[in-house]
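Chemist: The following block contains a protein sequence and its predicted model.
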Amino acid sequence: MRLKFLVAVLATVFITGCKKDNGTTTAKIEVNVQSTTSTNLGGLTIQLLSDEKRITGYNVAQAQSNGVGKVDFDVTVGKTYYLYHYNSDGKILTDANATFIVTGQFTSQFQINSSPGQTPAAKIGDDIHQDINGDGIIDKNDMVIKVMATNAGSTTSVNFVVN
């Protein structure tokens, strides 16, 4: 009887110890959508982008802010995400944390000439910015907020300010 019990316990320990971690620990990104006057904005569509795939034309998720200006996204811990609003309604991301996605550095004039236009004009050694909206121009309409959730089960709160 003791032997059967011992075998059962050892088998359970062995099986439990051999389970693979699939790495899908999740967290939440809570987006607070506001105007430049700190008014919560409902009905604004926010896209969650990931650089796991080419960003232009691809979003992981998108949602509209609710009546109190909130949007929640479930994300994988440790991956980099970007919050973006396509300027179809005249609203531009103006948050202090807004930035361009840098995809490399220009190494030749040919590369500059073959890339979307940037203002000021790019020079060799400058950062290459991702044309998020695909219009062939790098401008304020291509700005994003970079965010990463670092702890499983946590909520990362991000302000998303537009005007």
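Modeler: On my side now, so go ahead.
Chemist: and the longest strand for this protein?
Modeler: Ranked by number of residues, the top strand in the chain under DSSP state E is strand 26-35.
Chemist: That one: which residues count as buried?
Modeler: Residues of strand 26-35 classed as buried: 27, 29, 31-34 (neighbour count, 16 or more other C-beta atoms under 10 Å). Heads up, the C-betas are built off the backbone N, CA and C, glycines and all.
Chemist: For the closest residue to residue 45 other than its chain neighbours, grab the count of nearby residues.
Modeler: Ranked by C-beta to C-beta, 6 or more residues apart in numbering and with sequence neighbours excluded, the top spatial neighbour of residue 45 is residue 64, at 5.2 Å. Residues lying near residue 64 (other C-beta atoms under 10 Å) number 11.
Chemist: For residue 30, see how far away the most centrally placed residue in the chain is.
Modeler: For the chain, residue 81 is the residue whose C-alpha lies nearest the centre (C-alpha atoms, centre = their mean; 1.9 Å). Going from residue 81 to residue 30 by C-beta to C-beta, to the nearest Å gives 13 Å.
Chemist: who touches the helix or strand just after the longest strand of the chain?
Modeler: The first helix or strand that comes after strand 26-35 along the chain, using DSSP states H and E, is strand 45-50. Contact with strand 45-50 is made by 29, 31, 33, 55, 58-65, 71, 73, 75, 79-86, 132, 144, 160, as judged by C-beta atoms under 8 Å, 6 or more residues apart in numbering.
Chemist: mind giving me the domain ranges of the protein?
Modeler: As assigned by automatic domain parsing, the chain contains the domains 26-99+143-163, 101-140.
Chemist: Deepest in the core, which of these is it.
Modeler: Comparing the domains of the chain by mean neighbour count (mean count of other C-beta atoms under 10 Å), domain 26-99+143-163 ranks first with a mean of 16.
Chemist: mean confidence for it?
Modeler: Average pLDDT, domain 26-99+143-163: 91.
Chemist: State the distance spanning the first to the last residue of that domain.
Modeler: Taking C-alpha to C-alpha, to the nearest Å, the first and last residues of domain 26-99+143-163 lie 31 Å apart.
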